[in-house]
Each structure stands twice: as C-alpha cells, then as structure tokens.
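Student: I would like to see how this sequence folds:
(4 chains)
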Number of protein chains: 2
Amino acid sequence: MSILREKILLVATDLFHTKGINSTGVDNIVAVAGTTKMTLYKYFRSKEILILEVLEKNHSDFQTWLDGKLSSSKKPAEKIQQLFDYIEEWVNSPAFIGVGFIKASAEFPNEKDPIHQLSSQQSREFRQFISKLAAEANIKDADGLALQLSLLFEGSVQAEQMKRGSGAVKYAKKAAKILINGAART
Amino acid sequence: MSILREKILLVATDLFHTKGINSTGVDNIVAVAGTTKMTLYKYFRSKEILILEVLEKNHSDFQTWLDGKLSSSKKPAEKIQQLFDYIEEWVNSPAFIGVGFIKASAEFPNEKDPIHQLSSQQSREFRQFISKLAAEANIKDADGLALQLSLLFEGSVQAEQMKRGSGAVKYAKKAAKILINGAART
DNA sequence: CATTAACTATACCGTTATGTATAATTTATA
DNA sequence: TATAAATTATACATAACGGTATAGTTAATG
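Tutor: Numbering: from 1, shown residues only, chains lettered A, B, ... in the order given. Next up, the predicted model:
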C-alpha cells in the first residue's frame, strides 16, 4: 500500500544482491530509499523481518512470472520442455540480479535461523513446482527429475553469480532436455 | 610452519562455514583458536588476507584429495565416469562443511572484490579440471560437458547447504552419467 | 481550519567490528 | 644463563552496526 514501504523493499532487494545482506546496513538502505530509519522501523520491526519480506516478495514475484509464462502452453509435456527456455529468458534479462534464497542460505548457514529456513523452504517449493510439471507430463520418477533440474537451475544461477554473462544457462538447457527426454522414455 | 598459524586457518575455515564469513569476527576466531588478535595479525595482515588464505587452502586441499582418488584409475574414460563417485564420497563425509568459493561469492557479490575474484577463479579452475578429464576421455565438446557437470556439482553443494543430508548428489551422479554417455557418443 | 496521521531530523544507546599500541611473559636457542 | 623471538594480556582507537527516543514538519482529511 504505502509507497515508501514498497520503495524500501525495492532498495533492500537491490542492495542485498549487489552488496550482500550482512554487508548492507539499514542506514544504507534508508539513505538510498530517501527516507529515515524511523519510517523503515515503522514498516519492518527488525532487519530480520525486512530480509524475510524481501525473500518472500522475490520468490512470489518469480513464481508469478513463471506461472504466467507457462500458462500459455496448454499441454503438460510442452510445459516441462519450455521450463528452461523461460529460466534462460529470466536469467539473461538485464533486471536479473540473482536468486534470493540461494544467497541467503549462504549468508545464514545455521539451519535454525529463520532466514535459512525460509530459503530452504523456497528451494523445496520450487523443486515441488517442477515435480508437479513432470508428473503432469506423465514422467514416472517426477521427483527425481525435478531434483536434477533444480540442480541445473541452482548451478546456473551460481555460475552466473560467479561471472555475469557466463552463458551457463544455455548449457543447462541442453542438459535439461537430455534429462527430460531420458526420463520420459522410462 | 607455525602451529598457531595452522590452527587459526583451521578454526577460521570451520567458523566461516558454520556461521558465515561476514558474521564471524576475528575476536571469535582467536577465542576458539586459543590465541590472541596480536598473533592473528602477525600471520595475516588483515581479515581479508585471512579469508583469501582460507579459500586457497580449502581449494587446494580438495583438488589434492580428488587428484589422489582419480590417480588410481589409469584409463581416462574411467576417470570422468568416477568423478561424481568421489564427489559423492566427499560431500557425504562427516567432515564436509561446504565449498568455500560458492559461499564466498555469495557473501562478496562485487566482481571487483578480491575475494569474489578468487572464488570465480577457483570455480573456473575446477571446471577446467573437469574439461581436461573429458578431453582425455576423447569427448568432443569437453568444455560443454564440463560446464554441465560443474552445474550439477555446484547445484548439489547448494542443495546440501540448504538441507544437510538431502541426497542430492545421488541424483546428480545419475544425471552426470547420462550426460557423459550422451556426450561420449557424439 | 483543525485534527490526525505520516514522515523527517537528529541525537543517542549499547554492541560489535577491524585493527593497533604497549608492556608483560613465556619459550627456544646460543 | 643470557639473549632473542614468540606469544599473551589488556586497553584502546575508530567506525559501523541495529535499534530507539524525542521533537519538529509536512500532508491529507473531516
């Protein structure tokens, strides 16, 4: 609702990705967002809450975007085939800055940490999303294929983080097609 | 050479992985290592230098271990096939705590940062190592296959970081075999 | 116009961070 | 034992961190 709240979320998202989460202070965020700490703490009780909300927004935004893209294909078998086409489009878009739950799990390695737990949950949700696509395409070991495709996905994002413009997704896409076709035959 | 120097490197490695790099202070390191800051700063000019040395030791230790394992196989075609067997052994060993350059690149996203640059370099070196294995096994697109296998590797480590004992490597191994066999036929 | 809500400005608290200065103390070695 | 090197102990400097308190200011709304 509030314009400032949105702005803070937006700026935090950007700074977290370009500078790292722990290396981004709230002073830094409010300065870039053009507001003050009082306003930030009015909308977010703590920095941890802010981080969690940023993660949630990122993840739901991506899922919404991906759902929209995939909804154009009617046949399930086409959907899973096109998954990496859209991932490639997304990763190679100028707006791409990384995947929140991958970075967050590295900065908050403790499995008891709420931030780590949310990251882990989002990673699992994405894998289940792929598994559902695979199951609808009548692939027998849907979970197994989904796990493999998620490895390619996370590996690609990791590679892109190491070196922007690495072109890793192109090869991930090729690998994905091979794995999907292999799984479909069983 | 110095016993304290080794101890500091060991403790820093452990804390960086279990708590994160930016969340681990030098006070914390020296307390666990049973020494003082003066000694730490005698051996390492700055925390950044310490991080870089930890990364270098991690990487060379892993490469040395992997080289040793692979040297038992004489035939090149066997080596690339066994790569993920050893990766699985390594990831599932109790001593496994993660891959330094993956975490470091997440905590230091700026491509100009020396820590990020070293991470990126180590990731590239590992990929080239796989590529050499593939080339020796007479695989045509050795670089392409190496990239794909490295995606599976980094994705697996990422998955294991999200949830310890995920069993992701088992499926990465299966995927690797499919991709290797597919590439070998070309 | 008056009231209320949203927002800014600024100073501050306590803690922790990296890194250094200084002096005392242990350990090794000639 | 005398000397030098390694290590400890401790205090400190400086800065940044997350978070709060207080007061002032703007903007919307009845």
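
Student: please make it C-alpha for all contacts and neighbour counts, starting now.
Tutor: Noted.

Student: hey, where'd the helices end up in chain A?
Tutor: Assigned by DSSP state H, chain A shows helices spanning A:3-19, A:26-33, A:37-43, A:47-70, A:76-91, A:100-107, A:114-136, A:142-162, A:168-185.

Student: what comes up buried for the least confident helix or strand in chain A by mean pLDDT?
Tutor: For chain A, counting by mean pLDDT, DSSP states H and E, helix A:168-185 ranks last in confidence among helices and strands (a mean of 93). Neighbour counts over helix A:168-185 (16 or more other Cα atoms under 10 Å in any protein chain shown) mark A:168-173, A:175-180, A:183-184 as buried.

Student: ditto for stretch A:101-121
Tutor: Within stretch A:101-121, the residues that count as buried by 16+ other Cα under 10 Å are A:101-111, A:115-120.

Student: what subset of those residues is also close to chain B?
Tutor: Among these, proximity to chain B is found for A:102, A:103, A:105, A:106, A:107, A:108, A:109, A:110, A:111, A:116, A:119, A:120 (Cα under 8 Å from any Cα of the partner chain).

Student: residue A:16 is in contact with residue A:28, isn't it?
Tutor: No: in this structure, residue A:16 is not within contact of residue A:28 by Cα atoms under 8 Å, at 10.7 Å.

Student: outside of stretch A:174-185 itself, list whatever touches it.
Tutor: A:81, A:84, A:138-141, A:145, A:149, A:152, B:148, B:175, B:178-179 (Cα atoms under 8 Å, 6 or more residues apart in numbering or on different chains).

Student: which residues touch residue A:61?
Tutor: Contact analysis of residue A:61 by Cα under 8 Å, 6+ apart lists nothing.

Student: please apply the same query to residue A:97.
Tutor: Residue A:97 touches A:14, A:17, A:18, counting by Cα under 8 Å, 6+ apart.

Student: most neighbours among the residues you listed, please name it.
Tutor: residue A:17 (22 neighbours; other Cα atoms under 10 Å in any protein chain shown).

Student: show the pLDDT at it.
Tutor: We have a pLDDT of 97 for residue A:17.

Student: what about the closest residue to it other than its chain neighbours, distance to chain B?
Tutor: Closest residue to residue A:17 apart from its sequence neighbours, by Cα to Cα, 6 or more residues apart in numbering or on different chains: residue A:97 at 6.4 Å. According to Cα to the nearest Cα, to the nearest Å, residue A:97 stands 10 Å off from chain B.

Student: where in chain A is pLDDT low?
Tutor: Along chain A, the model assigns pLDDT under 70 to residues A:1, A:185-186.

Student: okay, which residue is most central for it?
Tutor: residue A:99 (3.9 Å; Cα atoms, centre = their mean).

Student: surely that residue and residue A:159 touch.
Tutor: No: look at residue A:99 against residue A:159 with Cα under 8 Å: they stay out of range, at 11.8 Å.

Student: for DNA strand C, what is the nearest residue in chain A?
Tutor: Here chain A gets closest to DNA strand C at one residue, residue A:35, 3.8 Å apart by Cα to the nearest atom of the strand.

Student: okay, now the residue in chain A positioned nearest to DNA strand D: neighbour count?
Tutor: Closest to DNA strand D within chain A is residue A:25: 3.1 Å, counting by Cα to the nearest atom of the strand. Neighbour count for residue A:25, taken as other Cα under 10 Å: 14.

Student: please report phi then psi for it.
Tutor: phi -90, psi 160 (degrees, to the nearest 10).

Student: so what's the residue count around residue A:40?
Tutor: Residues lying near residue A:40 (other Cα under 10 Å) number 22.

Student: list the contacts for residue A:109?
Tutor: A:116, B:17, B:18, B:19, B:20, B:161, B:162.

Student: what do you get for residue A:53?
Tutor: residue A:9.

Student: repeat that with 10 Å
Tutor: The neighbourhood of residue A:53, defined by Cα atoms under 10 Å, 6 or more residues apart in numbering or on different chains, consists of A:9, A:13, A:44, A:47, A:59.

Student: which of the residues you listed has the most neighbours?
Tutor: Counting by other Cα under 10 Å, top hit in the contacts of residue A:53: residue A:13 with 23 neighbours.

Student: need the contact list for that residue.
Tutor: The contact partners of residue A:13, by Cα under 10 Å, 6+ apart, come to A:7, A:20-21, A:29, A:50-51, A:53-55, A:57-58, A:97, A:100.

Student: report the buried members of the residues you listed.
Tutor: A:7, A:20, A:21, A:29, A:50, A:51, A:54, A:55, A:57, A:58, A:97, A:100.

Student: let's have those in a markdown table, adding distance to residue B:134.
Tutor: Listed next are the buried ones among the contacts of residue A:13 as a markdown table, based on distance: Cα to Cα, whole Å:
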| residue | distance to residue B:134 |
| --- | --- |
| A:7 | 49 |
| A:20 | 35 |
| A:21 | 38 |
| A:29 | 47 |
| A:50 | 46 |
| A:51 | 42 |
| A:54 | 41 |
| A:55 | 39 |
| A:57 | 41 |
| A:58 | 38 |
| A:97 | 32 |
| A:100 | 33 |
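
Student: could you check how far residue A:92 is from residue B:100?
Tutor: Using Cα to Cα, to the nearest Å, one gets 26 Å for the distance from residue A:92 to residue B:100.

Student: please read the previous query as pertaining to residue A:47.
Tutor: According to Cα to Cα, residue A:47 stands 26 Å off from residue B:100.

Student: appreciated, that's everything.
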